[in-house]
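In: All I have is the shape, not the residue letters:
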Ligand SMILES: Nc1ncnc2c1ncn2[C@@H]1O[C@H](COP(=O)(O)OP(=O)(O)OP(=O)(O)O)[C@@H](O)[C@H]1O
């Protein structure tokens, strides 16, 4: 994770009318890490994601994305930079009048000069990478389950081989098995593609199982740390979040998974003799 951060936020202030959402927020996201972003409802997680992407302008502060100060870019430069990111919005944000394949092809048509046959082929590969069956490409969003919509949105987010993947509540609305499968998929893609992942989530299982570090939005700022660091943080919201019943259950599950992995390693070692 050496080198300059792929996202660097300094002194961010966000206001909507009289409401101040962020007040002097700083954040560094390192290349190749999975950063989980948590915080109470309305603390500005989604707004932060949109500001980093250049979809909302902050009232003050500086945001650097992949080494570029986003405020200094003209429209074309901003669009080119956005093409190096992929976003999975909370509800998939698929275009309902288009098939899944057409949704995935859209960024390729807009941002590349690839021949139509190649565009279709790339879309087919991305749909498979997102864990969807081949026939999913011909379906419309209304014909898909919630989990399939997330995967289709993910396929579209991966269309342009992004450096950074932004996920807004990727497991919200999925059952625990579907959510765990989605986490595994994200982790596999992150490792094989070397992605940086910025993931807004309420899902403690995702935080404990796939995130390298966790950013907590409290008091209009961010505190970033490992799970162990947050567990030792006396801030009341952070303490309640990680030590509450849901936090405890997720940590127990993490410990059980670790114990199972150690057992598997031991069994493999014994089998080898
Ligand atoms: N375009 C907007 N105009 C005015 N206020 C907004 C706008 N977008 C967000 N807000 C306000 O900013 C605050 C932060 O919103 P945001 O959606 O980022 O919260 P969040 O932390 O993602 O919450 P949740 O976990 O409930 O999704 C909220 O009070 C919201 O009402």
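Out: The structure has been received and is ready for your questions. Just so it is clear, the structure is predicted and the values come from calculations on it, not from any experiment. Numbering: from 1, shown residues only.
In: count of neighbours near residue 206?
Out: For residue 206, the tally of surrounding residues (other Cβ atoms under 10 Å) stands at 25. For every residue, glycine as well, the C-beta is placed using N, CA and C.
In: Over to residue 75?
Out: Using other Cβ under 10 Å: residue 75 sits among 8 other residues.
In: For it, give me phi and psi.
Out: Phi and psi for residue 75, reported as degrees, to the nearest 10, are phi -60, psi -40.
In: how about the helix or strand hosting residue 166, does it get close to the ligand?
Out: Using DSSP states H and E, residue 166 falls within strand 164-168. No: contact between strand 164-168 and the ligand is absent, the nearest approach being 7.7 Å (criterion: Cβ under 6 Å from any ligand atom).
In: helices and strands around that strand, which ones?
Out: When contacts are defined as 3 or more Cβ pairs under 8 Å, 6 or more residues apart in numbering; DSSP states H and E, strand 164-168 packs onto helix 45-52, strand 85-88, helix 176-193, strand 196-200.
In: need the residues of the chain near the ligand, please.
Out: 16, 21, 39, 41, 42, 43, 44, 45, 46, 47.
In: What's the ChimeraX syntax to select whichever of these are buried?
Out: A single ChimeraX command is used to select the members of these judged buried by 16 or more other Cβ atoms under 10 Å:
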select :21,39,43,44,45,46,47
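In: Okay, and the beta partners of residue 69?
Out: Per DSSP bridges, the residues bridged to residue 69 are residue 64.
In: quick one: it and residue 54 touch, right?
Out: No: counting by Cβ atoms under 8 Å, residue 69 does not reach residue 54; the two are 11.0 Å apart.
In: List the neighbouring strands of the one helix or strand residue 216 maps to plus their orientation.
Out: Secondary structure from DSSP H and E places residue 216 in strand 213-218. When sheet partners are counted by DSSP bridges, strand 213-218 sits next to strand 34-39 (parallel), strand 221-225 (antiparallel).
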